[in-house]
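Novice: What would the 3D arrangement of this be:
(chains A, B, C and D)
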2 protein chains.
Amino acid sequence: MANTGRAGRQSRVATLPPRERILDAAEELFTREGIKAVGVQAIADRAGTTKMALYRHFATKDALVEEWLRIVAADYTAVFDQLETAHPDDPRAQILGMARFIADGLPGISHRGCPFINSLAELPDRAHPARRLIEAHKAGQARRLTGLCARAGLTDPDEAAAEITFVLEGAQVSTQNASVERVGERLMRIVQGVLDRHSAR
Amino acid sequence: MANTGRAGRQSRVATLPPRERILDAAEELFTREGIKAVGVQAIADRAGTTKMALYRHFATKDALVEEWLRIVAADYTAVFDQLETAHPDDPRAQILGMARFIADGLPGISHRGCPFINSLAELPDRAHPARRLIEAHKAGQARRLTGLCARAGLTDPDEAAAEITFVLEGAQVSTQNASVERVGERLMRIVQGVLDRHSAR
DNA sequence: ATCCAACGAGACCGATCGGTATCGCTTGAG
DNA sequence: CTCAAGCGATACCGATCGGTCTCGTTGGAT
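Specialist: Presented below is the predicted three-dimensional model:
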């Protein structure tokens, strides 16, 4: 998901405006190295611009972090929305679509995990705006997933949603470690099993 | 697990040697604030000693981080061992015991997650000794869990172990966010379900 | 009693951090 | 054509980082 910008230098033609390049660079570096490990200078360099230009668009580094996470969250929500319009009357397909989206993304984030989980680790302060954003996003996703489970006719929507959430998060975490092989398919099989098991018999 | 040292000032009597106090302080601060966010000065202060004393026992900050993670990993392994001696011929009880241990620990790590997962987020470099330590520990736990699943007579030990791992990690991650309520019991119920489902009928 | 190793205290170092100030240059809307 | 706004470059600021050095004290084994 995301990572729209090419990795190369500032292309000669059709260069994006500085603000977008900065956000692309931030996405790349924050994801790969972590928030605290990346300095604003490095972000400016990778964006092919300067620190001053960065501070013309973002008040502080924290504000940039927040905006980056807002975009990531919006990307996830967009996938959810898109699945909803694609399968308006099939909540089960929406759930499996979300799982498929996560599963397919696993190889790409190999050894680097989920941006949200990693950012939470670097933002211990619950009052931090970026952290509040993450928690709000996760809460919204959980509510939405629970709703889908209910509409899918599962016997215990709360339990099923929690189960799926655990498995989804756990798969992303586990991808950081060991053999990434078959994690995606394993994940799909498990989610499928959860749905079947909670279905009214 | 761990957190053996009292939280208070350096007690007047029976004060632990500096090295232990430093490790206790590191455990406390690294867990609560994160690795990168904590300076060696802060660790020394909390241990009631000085930076110099710290560097007499640990070559670098990284070495201290590594030693801390080694202790945490050893604590987990010790619980595993203890369960093995308690239920030598009941692999199922061992698995449930481990899940119970995690579940009971969830309220304690509320909003701060698992030290391993958080540390992975702050150690993007796969060659970092501390990271290698974590990966080795996780690999060992996974192997052990798979073995238990096999001995428990589950039809697909690999699948069952992966499922349990995902759920365990996911529960710890999710504890950082929302309503921590009932997460422990929910976790136990899910693991129990995984065991039942994979049992030969 | 002695002596040495570990300790507490604190100054100090170079590097890097987030963030600001200054100054030309480009550029596109009026 | 004009001119202000946005831009790139660079120097700079105070604070903090990990890590080193010195020195005076202390306490347990011999």
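Novice: wait, doesn't A:E163 sit right on B:I190?
Specialist: Yes. The criterion here is Cβ atoms under 8 Å, and A:E163 meets it with B:I190 at 5.6 Å. All C-beta spots, glycine's among them, are computed from the backbone N, C-alpha and C.
Novice: More neighbours: which of those two?
Specialist: Neighbours were tallied for A:E163 and for B:I190 using other Cβ atoms under 10 Å in any protein chain shown; the higher tally belongs to A:E163 (27 against 23).
Novice: Now do the shared contacts for A:E163 and B:I190.
Specialist: Here A:E163 and B:I190 have B:V167 as joint contacts, going by Cβ atoms under 8 Å, 6 or more residues apart in numbering or on different chains.
Novice: Flag every residue of chain A that's near DNA strand D.
Specialist: Along chain A, the residues adjacent to DNA strand D under the rule Cβ under 7 Å from any atom of the strand are A:17-19, A:48-53, A:56-57.
Novice: and with 10 Å instead?
Specialist: A:10, A:15, A:17-22, A:41, A:44-45, A:47-57 (Cβ under 10 Å from any atom of the strand).
Novice: contacts for the helix or strand containing A:R197?
Specialist: Element membership for A:R197 (DSSP states H and E) is helix A:183-198. The contact list for helix A:183-198 (Cβ under 8 Å, 6+ apart) reads A:92, A:95-96, A:99-100, A:102-104, A:106-107, A:149, A:152, A:154-156, A:159-160, A:163-164, A:167-168, A:171, A:174-175, B:159, B:162-163, B:166, B:193, B:197.
Novice: Does A:L148 touch A:P91 like I think?
Specialist: Yes. Counting by Cβ under 8 Å, A:L148 touches A:P91, with 4.3 Å between them.
Novice: Settle it for me: which of those two has more neighbours?
Specialist: Taking neighbours as other Cβ under 10 Å, A:L148 and A:P91 compare with A:L148 leading, 24 against 21.
Novice: pLDDT at that one, what is it?
Specialist: We have a pLDDT of 98 for A:L148.
Novice: do the same with A:R12
Specialist: With respect to pLDDT, A:R12 scores 35.
Novice: Return a PyMOL selection command for the buried portion of the contacts of helix A:183-198.
Specialist: To isolate the buried members of the contacts of helix A:183-198 in PyMOL, using 16 or more other Cβ atoms under 10 Å in any protein chain shown:
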select buried, (chain A and resi 92+95+96+99+100+102+103+106+149+152+154+159+160+163+164+167+168+171+174+175) or (chain B and resi 159+162+163+166+193)
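Novice: burial count for A:A47?
Specialist: Look at A:A47: counted by other Cβ under 10 Å, it has 24 neighbours.
Novice: residues touching A:A161, list them.
Specialist: Shown in contact with A:A161 (Cβ under 8 Å, 6+ apart): A:142, A:145-146, A:148-149.
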